[in-house]
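Undergrad: test case, fold it:
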Amino acid sequence: MIEAAKSLFLILSGLFPIVDPLGGSPIFLVVTRDYSPSTRRALSWRIAMNSFFLLIGSYFIGTHILSFFGISLPVVQVGGGLIVISTGWTLLKQGSLDDQKDMKHRLETKDPFHDAFYPLTLPLTVGPGSISVAITLGANAPHHHGLDLSSILVAIVGCVLLAVSIFLCYGFADHLGRILGATGMTVILQLTSFLLVCIGVQILWNGASALLSSLPLHLR
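TA: Got it, this is the predicted structure:
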């Protein structure tokens, strides 16, 4: 039990700050501001389920997939960092809420679940940083001979808790919108979009630094 509790704490402490559903809720609210509360909660549930399967898949089979395709974690970080930068830059250029009134009709006629996986789940909620951490945690999890049901259960419980936190933060983000108002949400959108670009640059740099540091080893 003590080992299981330590493993669960390690999963939550490693993934929750990177997934950061509290920090992602303003962006989610701005992107879905023209949806009804019931639609927004249904979309939040879809994102939470997508995030669960992404994290649990990265934890258990992420290393095997990367090994099969010959892809290293730094390469995942570089590619994912570019996607995060692109997404943050797109949000940053959207402007204020008043500048987007002409988009309302298009948003209303579009399937609200069209963007549930990309970009709302990947990379805005579960990005390359959290995927790489989940892969690392799975690769370094204690392995025993045979099927270790306790470690599997701990990983599932940890990912379920993360998915629940995503659903709660996203599904009830409208309360945050009522408190901040339209102007406050515009400010939050611009700040979080800029931070998203910075996070993408940091992820890109982490991967590029690891690749550059490995160059001398290949040149020998």
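
Undergrad: please make it C-alpha for all contacts and neighbour counts, starting now.
TA: OK.

Undergrad: so the residue nearest in space to the middle of the chain, which state does it fall into?
TA: Ranked by distance to the mean C-alpha position of the chain (CA atoms, centre = their mean), the top residue is V126 at 1.8 Å. Using DSSP: H, G, I helix; E, B strand; the rest coil, the structure places V126 in coil.

Undergrad: let me see the confidence value for it.
TA: For V126, the model assigns a pLDDT of 93.

Undergrad: V187 now?
TA: Value for V187, per-residue pLDDT: 78.

Undergrad: what do you get for V164?
TA: 97.

Undergrad: and it, backbone torsions?
TA: Torsion angles at V164 (phi, psi; degrees, to the nearest 10) stand at phi -60, psi -40.

Undergrad: can I assume it is in contact with N50?
TA: No. At 11.7 Å, V164 does not count as touching N50 under the criterion of CA atoms under 8 Å.

Undergrad: show the contacting residues for I61.
TA: Contact analysis of I61 by CA atoms under 8 Å, 6 or more residues apart in numbering lists I135.

Undergrad: relative to L8, how far out is it?
TA: Between I61 and L8 the computed distance is 18 Å (CA to CA, to the nearest Å).

Undergrad: name the SS class of L180, please.
TA: helix.

Undergrad: next, count neighbours for it.
TA: Around L180 there are 14 other residues, counting by other CA atoms under 10 Å.

Undergrad: distance of it relative to V201?
TA: Counting by CA to CA, the gap from L180 to V201 is 28 Å.
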